[in-house]
Every structure is written in C-alpha cells, then in structure tokens.
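K.L.:
just a sequence and a predicted model for now, questions to come.
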Amino acid sequence: MIERLFSLEDHQYEIKTMKYLIAWLLGIPIAVLLLIWLFSHLF
C-alpha cells in the first residue's frame, strides 16, 4: 500500500517536470524573440 502511494507521487512529479521542461523549451525562444523585437525598436 505504501509503495503504491510512493510510485503514484513519483509519476505525478514526472508529469510536473515534463510540463516545466516543455514550458522552458517553448518559453525561451519566445522570450528571445521578444527581446530581439524590443531592441530592434529601441535602437
């Protein structure tokens, strides 16, 4: 029973980390593009 709970928590943690990785992979290029766009308009 206890082992079952631990494996379930581990699985939920894996899903969370995957979501964070995807968010980073999508977020970094968008942030870079926004910065380039801002700099091109400022200078």
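P.N.:
Noted; the coordinates are in hand.
K.L.:
the helix or strand hosting Ile28: how far from the chain's middle?
P.N.:
Using DSSP states H and E, Ile28 sits in helix 2-42. Distance, stretch centre to chain centre, for helix 2-42: 0 Å (C-alpha atoms, centre = their mean, to the nearest Å).
K.L.:
what's the neighbour count on Ile15?
P.N.:
10 (other C-beta atoms under 10 Å). Any C-beta I mention is one placed from the backbone N, CA and C, and that applies to glycine too.
K.L.:
ditto for Phe43
P.N.:
5.
K.L.:
against Ile36, how distant is it?
P.N.:
11 Å (C-beta to C-beta, to the nearest Å).
K.L.:
low-confidence ranges in this protein?
P.N.:
Applying pLDDT under 70 to the chain flags the ranges 1-6.
K.L.:
can you do 90?
P.N.:
1-16, 42-43 (pLDDT under 90).
K.L.:
one step back: packing partners for the helix holding Ile28?
P.N.:
Of the remaining helices and strands, none touches helix 2-42 by 3 or more C-beta pairs under 8 Å, 6 or more residues apart in numbering; DSSP states H and E.
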